[in-house]
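next come a sequence and a model predicted from it.
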Amino acid sequence: MQRFVIMGVAGCGKTSVGQGLAARGLVRFVDGDDLHPAENIAKMSSGIPLSDEDRAPWLARVGQALAAADGAMAIGCSALKRKYRDQIRAEAGAVGFVHLHAPQAVIATRMDAREGHFMPPALLDSQFRDLEMLAQDEAGIVVDIDQDLAGVIAEAAGFIERNAG
């Protein structure tokens, strides 16, 4: 498996973990936020949650970017629902998911401290409502992010090292 998605709700650390994995030379990392259509960014910036219809072209772009990758790649993408992950797999084939997870209160604290991101903390409730944990038949790992970043990256790296090839 050469394709990975670093998933989870807004504020869980997808970009930080992805950059950490790239710094270790395990993957090329792409921030999925960069693949959003402009309309999606505008909606989220205005505090409007995305609908499934809004997400469809973005998820297609995520899957297509993974499918086109030459070598190991990870993309940061919320991938909150099983059907979103299914859409990514339909485009990209076999994908491993690294789910960065913590209680909502932990994520809310992180989001309150974050600067310069388009996603307002007010949308966190809708993200947790939509979140469907990985099913047993999905290749992936759930990493508890209520620890230091180095530990989170180490757990994610272990999963990628065990599954890359």
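Yep, that arrived.

can you give me the helices for this protein?
Secondary structure of the chain, counting by DSSP state H: helices at 14-23, 38-45, 52-67, 82-92, 104-113, 124-130, 149-163.

for the chain, which residues score under the pLDDT cut-off?
113-122, 165 (pLDDT under 70).

spit out the contact partners of residue 146.
102, 103, 106 (Cβ atoms under 8 Å, 6 or more residues apart in numbering). (Each C-beta comes from the backbone N, C-alpha and C, glycine too.)

now the second one. Nearest residue, chain neighbours left out?
It refers to residue 103. For residue 103, ignoring the flanking residues on the chain, the nearest one in space by Cβ to Cβ, 6 or more residues apart in numbering is residue 146 at 7.4 Å.

circling back to that earlier point, filter the contacts of residue 146 to the buried ones?
Buried members of the contacts of residue 146, scored by 16 or more other Cβ atoms under 10 Å, are residue 102.

what about residue 112, how many neighbours?
9 (other Cβ atoms under 10 Å).

let me know the distance separating residue 136 from residue 99.
To residue 99, residue 136 is 13 Å away according to Cβ to Cβ, to the nearest Å.

so the two - more neighbours on which side?
Neighbours were counted for residue 136 and for residue 99 using other Cβ under 10 Å; residue 99 has more, 24 against 5.

next one: that one from residue 42, what distance?
For residue 99 relative to residue 42 (Cβ to Cβ), the value is 27 Å.

likewise for residue 12?
Where residue 42 is concerned, residue 12 sits at a distance of 23 Å (Cβ to Cβ).

between these two, point out the one with more neighbours.
Set residue 12 next to residue 42 and count neighbours by other Cβ under 10 Å: residue 12 wins out with 25 against 12.

list the contacts for that one?
Residues near residue 12 by Cβ under 8 Å, 6+ apart: 100, 101, 102, 107, 110, 145.

now residue 49
Taking Cβ under 8 Å, 6+ apart, we find residue 49 in contact with 43, 123, 126, 127.

burial check on the last one, number of neighbours?
If I follow you right, that is residue 127. 20.

ok, it to residue 153 distance?
Computed with Cβ to Cβ, the distance linking residue 127 and residue 153 is 22 Å.
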